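Chemist: Got a sequence here, can you model it:
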Amino acid sequence: MMNLDSASGTDDLVDLSGQGGARGRIRAVLAECLWRAFLAGLIIFLGTVVAALGPILALACGSGAPSGCQDGLRSARFDEVISVVALFVVPAVTVMTVIGLMVPRGGPRVGRIGALTIGALLCVIMVLGQIPA
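Modeler: Numbers count the residues shown, from 1 in each chain. Predicted coordinates for the structure are as follows:
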């Protein structure tokens, strides 16, 4: 499917089927969907790690543990708040972020904001775990 352009004297590849642009758009849409699916999986993994390991890391006793440390976990003043954040807030933010990723406009921005929010919630859990009872 070569077309000799006599005016410019160059050989140009011309797709006479008219589907070249459609194939490019399909590849771009497929790449965008795969990228968003990867980001959604990453957000789900991050939310799972924060919800499961955040409270354990926040309440774990160090090597120089005081005598009040039982079973490797110390008691904290805000242990109920840590539980609420880990069991309800982190999963809610994770689900809302994954849903927001699928929005046609602004999906990656929602993903960044959601990932930063999950990271901030991990920091909140860690700080609340450091306050002694």
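
Chemist: Quick check: D71 vs L87, distance?
Modeler: Noted for D71: a distance of 20 Å to L87, by Cβ to Cβ, to the nearest Å. In this view, the C-beta of every residue, glycine as well, is placed from N, C-alpha and C.

Chemist: These two: who's more crowded?
Modeler: For D71 and L87, the more surrounded residue by other Cβ atoms under 10 Å is L87, and the numbers stand at 12 against 6.

Chemist: Let me know the helix or strand that the residue nearest the centre of the chain is in.
Modeler: Centrality entry for the chain: nearest residue to the mean C-alpha point is I43, 2.3 Å, by Cα atoms, centre = their mean. Assignment of secondary structure by DSSP states H and E places I43 within helix 20-59.

Chemist: Next secondary structure after that helix?
Modeler: Reading on from helix 20-59 to the C-terminus, the next helix or strand found by DSSP H and E is helix 79-84.

Chemist: which helices and strands sit right next to that next one?
Modeler: With contacts defined as 3 or more Cβ pairs under 8 Å, 6 or more residues apart in numbering; DSSP states H and E, the secondary structure elements packing on helix 79-84 are helix 20-59, helix 107-130.

Chemist: Check which residues of the helix holding I43 are buried.
Modeler: By 16 or more other Cβ atoms under 10 Å, the buried positions in helix 20-59 come out as 36, 39-40, 43, 46-47, 50-51, 54-55, 58-59.
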